[in-house]
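Student: I'll drop the sequence and a predicted model, then ask my questions.
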Amino acid sequence: MSTTKPTQQFAFDRRRFLTRSAQAATFMGLAHTAPAWARGGNLHDGAIRPGFDEVSGRDIALTIGEGPRVVQGRRGHAIAVNGSVPGPLVRLKEGQPVRLAVTNTLDEDSSIHWHGLLLPFQFDGVPGVSFPGIKPGETFVYDIPALRQSGTYWWHSHSGLQEQAGHYGPIVVEPAATDPVQADRDYVLLLSEFTPLHPHTIMDKLKKGEGYFNYQQNTWTDDYPLSGEDRRMWARMRMMATDILDVTGSTYTYLANGRGPEEGLEFLFTPGERVRLRIINGSAMTFFNLRIPGVKFWVVGADGQNVRPVEVEEFQIGTAETYDIIVEPTGEARTIVAESMDRSGMAVATLASRPGARASVPPLRDPPLLTMADMGMNHGSGGMDHGGGDMAGMDHSAMGHDMSSQGAAAEPMAGMDMGGMNMRDTSKLPPDVKVGPGIDMVSMNPVDRMGDPGIGLDKVPHKVLTYKDLVALAPNDDLRRPSRQMEIHLTGNMERYMWSFDGKKFSAVSDDPIRFAYNERVRVKLVNDTMMAHPIHLHGHFFELVNGAPADRQPQKHTVIVQPGGSATFDLTADEEGDWAFHCHLLYHMHSGMFQIVTVAPRGNQPEMKRVGED
């Protein structure tokens, strides 16, 4: 076992990787009695299983295969690891190393990214950034040194659109010391989606019409609380107040641990017990609003990091985020509802006191509508109104996507004077943002929206989690003031389905990464110049949300939701050398160009620094 620090393993040696790959078969021990997926066999002779097994130990073997999949009677093609969707729960131990031998039996390249794990960059699993990928028929060994953290994480493919097809699974890293979160039962709840459509078919339909999957569009005969003036304003902007999610329940069946809402996933409990739920959003494109109707619970972890318990009744979880909660269920059964943010469907599970016990499943709530705040027109107000779209009482003259250039006459509305405001006023952008067809909106007043519970949740009659509620349980180990600040704009053209950072698609900036000096302390402000929420993920690091918590207790996360038209700020200590992916975790946004590379310079002769999770 190597005791070399990850920061001393900076050199990338592909030949050494291939040599290790060839040696992997020795410890994998694939006997002829093993199942088809373990022998590298084709899975077409049997349907892929829902749910997941568990793997652990010093050496772990994973096999990527493909085959047919059936969810609630709907058939589709799936990419599975070890024969199931989700793939196996990888259970690891803080302070212990692990070798994960991943064999690819597909006819295309594949990969596994260990989302949230701190490890040498060459084992991060992003083809073209940190390693070449896993060719068909090959095995790649992720030789990960002693783990420097504990908590709830997940893994998934970073090749093409394979993640949408089922290539993902959970990770639990057990703490080396006593876990501060004590529970009688401990469960993983991984949320995701199933569609019979091929992922590239979805991408093709989004490029041809970004509203293709939106079956909740407003019409002249709908029941949405929009006035005639509101509707004309939205029409002039060529936008929809119901444009909440790009891909919806019109094609998705929402899943809990690989099972549809009618397929009866249950977690057993005995009344009086404390139940820990490790909730992972492993979806490709869905924000979920999770609640247990009639039950309060405590959020005790965010993105694998412990936080001070916060009592809530609901929270929004963006794609790639994880939350740990503690619940003390009562009665015979309680329903866990994970409703898609646009309320076009839900994933369902049951806390059951006996097998087969069920509680009622609530109906879908009314769809939310976008508002002025989502256009970046929140003039300092603390509350966001997503319950309706009433924009009456405001003068929208000279507002919109440069109305005059589109040949649309602005129609004034009585009330607040908004004259001179333009939703495509590129003069508001800094000079390093590339102005062009990839930008169809500029936020006019991108205020910090970390106190926003998420689209559709501001008017519910119970407590909903916000980022401002999160306070780290243990003190942070770097209290230096940032030495510099940087601002990154999230940009897009929804009609053309173009997504980018600073107006530049990844293909245009792959040779111009975001650069940090080793151990540099930087404050990063993300500005969302679009009307969609984006979960932004930085590989290989945790950053501290600047959310109003004391400096030593700012919560650490690896993924942050930036609300429409708003901003979010975090402090980053760049102490993990190498090349790291930085991207929106909505799969089709990333695939369309909202992706960058972060390069952290080598440590050189600098002294070793304490890291997340170390004493």
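Tutor: Sure, I can see it. Keep in mind that this is a model prediction, so the values were computed, not measured.

Student: run through the neighbouring helices and strands of the helix or strand Pro68 falls within.
Tutor: In this structure, Pro68 sits in strand 59-71 according to DSSP states H and E. With contacts taken as 3 or more C-beta pairs under 8 Å, 6 or more residues apart in numbering; DSSP states H and E, strand 59-71 sits against helix 14-28, strand 74-81, strand 98-104. Bear in mind the C-beta positions are built from the backbone N, C-alpha and C, glycine included.

Student: go through the second one and flag the buried ones.
Tutor: Going back to what we said before, that points to strand 74-81. Buried residues in strand 74-81, counting neighbours by 16 or more other C-beta atoms under 10 Å, are found at 76-81.

Student: tell me the one of those nearest Gln162?
Tutor: Nearest to Gln162 among those is Ile79, at 5.0 Å by C-beta to C-beta.

Student: I'd say that closest one and Leu161 touch.
Tutor: No: contact criterion C-beta atoms under 8 Å: Ile79 and Leu161 do not qualify, at 9.7 Å.

Student: how far does stretch 523-536 stretch from one end to the other?
Tutor: Start-to-end span of stretch 523-536 (C-alpha to C-alpha, to the nearest Å) is 15 Å.

Student: distance from the chain centre to that stretch, please.
Tutor: Computed by C-alpha atoms, centre = their mean, to the nearest Å, the separation of stretch 523-536 from the middle of its chain amounts to 13 Å.

Student: average pLDDT across that stretch?
Tutor: Mean pLDDT, stretch 523-536: 95.

Student: likewise stretch 426-442?
Tutor: 81.

Student: any idea how far apart the tips of that stretch sit?
Tutor: 7 Å.

Student: do the same with stretch 115-134
Tutor: 17 Å.

Student: so which bits of it are buried?
Tutor: Within stretch 115-134, the residues that count as buried by 16+ other C-beta under 10 Å are 115-127, 129-131, 133-134.

Student: could you tell me which of the residues you listed belong to strands?
Tutor: His115 (DSSP state E).

Student: let me see the contact set for Leu470.
Tutor: Taking C-beta atoms under 8 Å, 6 or more residues apart in numbering, we find Leu470 in contact with 299, 302, 307, 310, 545, 547, 549, 555.

Student: distance of the last one relative to Thr319?
Tutor: With distances taken as C-beta to C-beta, to the nearest Å, Pro555 is found 19 Å from Thr319.

Student: with the third one instead?
Tutor: With the distance defined as C-beta to C-beta, Val307 ends up 20 Å from Thr319.

Student: tell me which two of the buried residues of strand 74-81 sit farthest apart.
Tutor: Top of the distance list for the buried residues of strand 74-81 (C-beta to C-beta): Gly76 and Val81, 16.7 Å.

Student: on that earlier part again, what is the mean pLDDT for the strand holding Pro68?
Tutor: Strand 59-71 comes out with an average pLDDT of 97.

Student: the stretch 451-600 of the chain: helices as residue ranges?
Tutor: 506-509, 587-592 (DSSP state H, counting those that start in this stretch).

Student: compare the ones you listed and report which one is nearest to Ala533.
Tutor: Across those, Ala533 has its closest neighbour in helix 587-592 (10.7 Å, C-beta to C-beta).

Student: quick one: residues in contact with that closest one.
Tutor: So helix 587-592 is contacted by 160-161, 163-164, 199, 202-203, 206, 246-247, 284-285, 319, 492, 497-499, 505, 534, 583-584 (C-beta under 8 Å, 6+ apart).

Student: thought Ala205 was touching Thr195?
Tutor: Heads up, residue 205 is Lys, not Ala. No: Lys205 lies out of contact with Thr195 (C-beta under 8 Å); the separation is 11.2 Å.

Student: looking at these two, which has the bigger crowd around it?
Tutor: Neighbour totals were compared for Lys205 and Thr195, and Thr195 leads with 21 against 17 (other C-beta atoms under 10 Å).
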